[in-house]
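S.K.: Predicted model, plus sequence, below.
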Amino acid sequence: MLTVARAPGRVNLIGDHTDYTGGLVLPMAIDRDTTIAFTPSPDVVLTSRNLGGEVRFKLPITDAPGIQPSWGRYVAGVAAAMNERRMPLHGFTGTVSTSVPIGGGLSSSAALEVAAALAYGVSADAATIAAVCRRAEHIATNVPCGIMDQLTSVAGIRDHALLIDCHTLDITPIRIPDGVSVWVVEVSSRTLDGSEYPARVAQCAAAEREIGPLRLADYESASTITDTVVRSRARHVVSENERVRAFAAALVAGDAREAGNIMYEGHRSLSRDFQTSTATMDAAVDHFARVPGVHGVRMTGGGFGGCVVILADDDAQLDRAAVPAGCGKAMRVRAADGASITTPLS
Ligand code: GLA
């Protein structure tokens, strides 16, 4: 009988480049997902509808980063990460398909990792599954990502964003207010593999060596950091944690206008202090800010390309709005439940 493992992508409303220093984030799982339809088997044989090609490897996996085609690295990385923790797992034979745009900053890789973990038969709590999948990303690509994407894919809640404390991994669901919708626009395709993402992680670590954990730091201590680049990185993280709190409060109060203003501030901070935006993303933020009914726009996720996220009134006509050259169409996303596994009747 065919079993289907499903895991959604995510969009981050606010709180970028805070997760790997144990800070606050506010993402939501989205109604775009990756599914693996499979039957258990000794090895892994997986065909992709969207990504092209077939991935085959034997368990236990020894060379996860070298698996071809390259999307197979994520699948193999999960097996390697489960092995490291001595978690029992079985192989599977099946097909994978996805409605998460690939390389668009909506966590297509996290969705694939989480779906793969379920297909391997992982049995653990949400935080452990997310930690395994985060480790899988490190093994597969060497990108030292935080836990936000994988945890959101596992733990998403329909109609809610998740306020996650990335130190304690506590999750507080925050309802998306009625009358407000979330849109994403892909500005440029990219992967974080080969980007300056690891350099940002290293700069935050340098800041922490000087002033202690950034999640506990305030603006004043951040401004004492000697190196000007490291100082501005720390300034972003400290102010971004504050913005996540303020944004969550604005959503709870149903104040979309205030939430939107915080998104613009967050974008400026990522653009100027953290330097993860691009000229095209800055232009896209300015462009969509002018569409009637839009409350806020910012780049979302790791940056250096990817998507902008837009908070707007339900009747804002973003699907009809012109988009800047090179950008994808605006796509409305709804907050969705996290990963699941089902055995449909055959
Ligand atoms: C990527 C990483 C996440 C997070 C974001 C930036 O999506 O995978 O862990 O660091 O970038 O907020």
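M.R.: That came through, no problem.
S.K.: Which residue, other than its chain neighbours, is closest to Ala246?
M.R.: Nearest non-adjacent residue to Ala246, counting by C-beta to C-beta, 6 or more residues apart in numbering: Ile262, 5.5 Å away. To be clear about C-beta, it is placed using only N, CA and C from the backbone, and glycine gets the same treatment.
S.K.: Can you list the helices and strands that whichever strand or helix holds the one you found packs against?
M.R.: Using DSSP states H and E, the element containing Ile262 is helix 256-272. On a contact count with 3 or more C-beta pairs under 8 Å, 6 or more residues apart in numbering; DSSP states H and E, helix 256-272 meets strand 3-14, helix 228-252, helix 279-289, strand 294-300, strand 306-313.
S.K.: Minimum distance to Cys133: which of the ones you listed has it?
M.R.: Nearest to Cys133 among the helices and strands packed on helix 256-272 is strand 3-14 (8.9 Å), distances taken as C-beta to C-beta.
S.K.: What residues of that closest one count as buried?
M.R.: Thr3, Val4, Ala5, Arg6, Ala7, Pro8, Gly9, Arg10, Val11, Asn12, Leu13, Ile14 (16 or more other C-beta atoms under 10 Å).
S.K.: Tell me which two in the residues you listed are the farthest apart.
M.R.: Across those, the longest distance by C-beta to C-beta is 35.9 Å; it joins Thr3 and Ile14.
S.K.: Pull the contacting residues for the single nearest residue of the stretch 201-346 of the chain relative to the ligand.
M.R.: Proximity to the ligand, evaluated over the stretch 201-346 of the chain using C-beta to the nearest ligand atom, is greatest for Gly302 at 3.1 Å. Neighbour list for Gly302: Asp16, His17, Gly105, Cys145, Leu192, Ser195, Tyr197, Thr276 [criterion: C-beta atoms under 8 Å, 6 or more residues apart in numbering].
S.K.: Any chance of TSV for those residues, columns pLDDT and secondary structure?
M.R.: Supplementary listing: these in TSV, determined by pLDDT from 0 to 100; DSSP: H, G, I helix; E, B strand; the rest coil:
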residue	pLDDT	secondary structure
Asp16	98	coil
His17	98	coil
Gly105	88	coil
Cys145	97	coil
Leu192	80	coil
Ser195	89	coil
Tyr197	96	helix
Thr276	96	coil
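S.K.: filter these down to the ones near the ligand?
M.R.: Restricting the contacts of Gly302 to those touching the ligand (C-beta under 6 Å from any ligand atom) yields Asp16, His17, Cys145.
S.K.: Contacts only, for the first one.
M.R.: With C-beta under 8 Å, 6+ apart as the criterion, the residues that contact Asp16 are Val25, Glu240, Gly266, Leu270, Phe274, Thr276, Met299, Thr300, Gly301, Gly302, Gly303.
S.K.: of the residues you listed, closest to Asp31?
M.R.: Nearest to Asp31 out of these is Thr300 (C-beta to C-beta; 16.1 Å).
S.K.: Tell me how many other residues surround that closest one.
M.R.: Neighbours of Thr300 under the rule other C-beta atoms under 10 Å: 27.
S.K.: That one: what's its closest spatial neighbour, skipping adjacent residues?
M.R.: Excluding the flanking residues, the one nearest Thr300 by C-beta to C-beta, 6+ apart is Val309, at 4.1 Å.
S.K.: List the contacts of the one you found.
M.R.: With C-beta under 8 Å, 6+ apart, Val309 has these contacts: Val11, Asn12, Leu13, Val182, Trp183, Val184, Met263, Val297, Arg298, Met299, Thr300.
S.K.: For those residues, give me JSON lines that also has pLDDT and distance to Val323.
M.R.: Output for these, formatted as JSON lines (pLDDT from 0 to 100; distance: C-beta to C-beta, whole Å):
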{"residue": "Val11", "pLDDT": "98", "distance to Val323": "17"}
{"residue": "Asn12", "pLDDT": "98", "distance to Val323": "21"}
{"residue": "Leu13", "pLDDT": "98", "distance to Val323": "21"}
{"residue": "Val182", "pLDDT": "98", "distance to Val323": "17"}
{"residue": "Trp183", "pLDDT": "98", "distance to Val323": "11"}
{"residue": "Val184", "pLDDT": "97", "distance to Val323": "12"}
{"residue": "Met263", "pLDDT": "98", "distance to Val323": "18"}
{"residue": "Val297", "pLDDT": "98", "distance to Val323": "12"}
{"residue": "Arg298", "pLDDT": "98", "distance to Val323": "16"}
{"residue": "Met299", "pLDDT": "97", "distance to Val323": "15"}
{"residue": "Thr300", "pLDDT": "97", "distance to Val323": "16"}
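S.K.: Check these against Leu318 and report the nearest one.
M.R.: Closest approach between these and Leu318, by C-beta to C-beta: Trp183, at 5.0 Å.
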